[in-house]
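>>> Structure here, sequence nowhere to be found:
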């Protein structure tokens with residue numbers, strides 16, 4: 001489980017396509033507790049650490065320094081997310097799974113992306129930013145004003161929901177420390193709705 005409080009942005013240092021999917025090597029700083037089999041969120045997608053190490057262990061010309069880890073994306077993950085389109089040098093949001101004794105600051109995030117949404121608008125409002133996203137078909141009922149939503153692994157609050165789109169307000173810290181600062185209108189984002197809404201829907205189905 002994750003909280004949607006992004007720890008840092010990593011950089012895609014290598015991508016290798018295979019017959020079964022895609023392998024990414026991602027550079028990070030200060031992640032000194034990486035281990036094999038660890039769950040890690042990469043722009044909102046829950047993946048498993050295959051290998052990890054320091055840059056000097058990775059081989060090749062890797063002058064960025066820092067630590068790195070590799071993850072494998074099965075064909076289904078490639079098809080249902082936009083990670084299959086990332087290139088070397090692209091930034092991704094990274095969060096390690098929440099420890100049992102950790103502080104819970106965001107909301108319950110599974111890392112199970114529901115769909116890919118599109119950036120519809122970006123507006124500077126004072127020191128903050130207002131982002132508008134399209135609501136993909138079949139997901140409007142899971143979004144409510146002032147409710148939680150996860151976008152590219154970031155725990156956010158729906159500021160306003162309208163027909164076919166919704167807004168979120170982004171504070172400077174979130175803008176600067178995540179990949180939102182690199183987004184443009186038309187870019188994709190991973191959307192995970194609040195899992196509590198899904199449980200409520202499931203429980204009420206029998207009363208319809």
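Yep, it's here. Computed from a prediction, not measured in an experiment: that's the story for all the values here. Residues are numbered from 1 along each chain as shown.

>>> Tell me where the model's unsure across the protein.
The model of the chain has pLDDT under 70 over residues 55-66, 206-208.

>>> which stretches of it form helices?
For the chain, the helices defined by DSSP state H cover 55-58, 75-80, 172-177, 195-204.

>>> buried stuff in the third one?
Along helix 172-177, these residues count as buried under the neighbour rule (16 or more other Cβ atoms under 10 Å): 174, 175. Every C-beta, even on glycine, is put in place using the N, C-alpha and C of the backbone.

>>> Adding distance to residue 135, write the helices of the chain out as JSON lines.
Below are the helices of the chain laid out as JSON lines (distance: least, Cβ to Cβ, whole Å):
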{"stretch": "helix 55-58", "distance to residue 135": "40"}
{"stretch": "helix 75-80", "distance to residue 135": "17"}
{"stretch": "helix 172-177", "distance to residue 135": "21"}
{"stretch": "helix 195-204", "distance to residue 135": "14"}
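
>>> Which one of those lies nearest to residue 92?
Taking Cβ to Cβ, helix 172-177 is the member of the helices of the chain nearest to residue 92, at 12.8 Å.

>>> Mind listing residues that contact that closest one?
Here helix 172-177 makes contact (Cβ atoms under 8 Å, 6 or more residues apart in numbering) with 6, 8, 9, 127, 128, 129, 154, 156, 180, 181.

>>> before we move on, the earlier item: out of the helices of the chain, flag the one nearest residue 46.
Closest to residue 46 of the helices of the chain is helix 75-80 (Cβ to Cβ; 9.5 Å).

>>> Which other helices and strands does that closest one contact?
Secondary-structure packing of helix 75-80 (3 or more Cβ pairs under 8 Å, 6 or more residues apart in numbering; DSSP states H and E): strand 21-28.

>>> May I have the strands that pair with the strand it packs on, each with its orientation?
Sheet partners assigned to strand 21-28 using DSSP bridges are listed as strand 8-17 (antiparallel), strand 67-74 (antiparallel).

>>> Can you lay out the ones you listed as TSV showing distance to residue 89 and mean neighbour count?
Formatted as TSV, the strands paired with strand 21-28 follow (distance: least, Cβ to Cβ, whole Å; neighbours: other Cβ atoms under 10 Å):
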stretch	distance to residue 89	mean neighbour count
strand 8-17	7	18
strand 67-74	14	20
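
>>> could I get those as JSON lines with distance to residue 88?
Formatted as JSON lines, these follow (distance: least, Cβ to Cβ, whole Å):
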{"stretch": "strand 8-17", "distance to residue 88": "6"}
{"stretch": "strand 67-74", "distance to residue 88": "13"}
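
>>> quick revisit: out of the helices of the chain, which gets nearest to residue 21?
Relative to residue 21, the nearest member of the helices of the chain by Cβ to Cβ is helix 75-80, separated by 5.0 Å.

>>> Any buried residues in the closest one, and which?
Neighbour-count burial for helix 75-80, with 16+ other Cβ under 10 Å as criterion, is recorded at 77, 78, 80.

>>> Much appreciated, bye for now.
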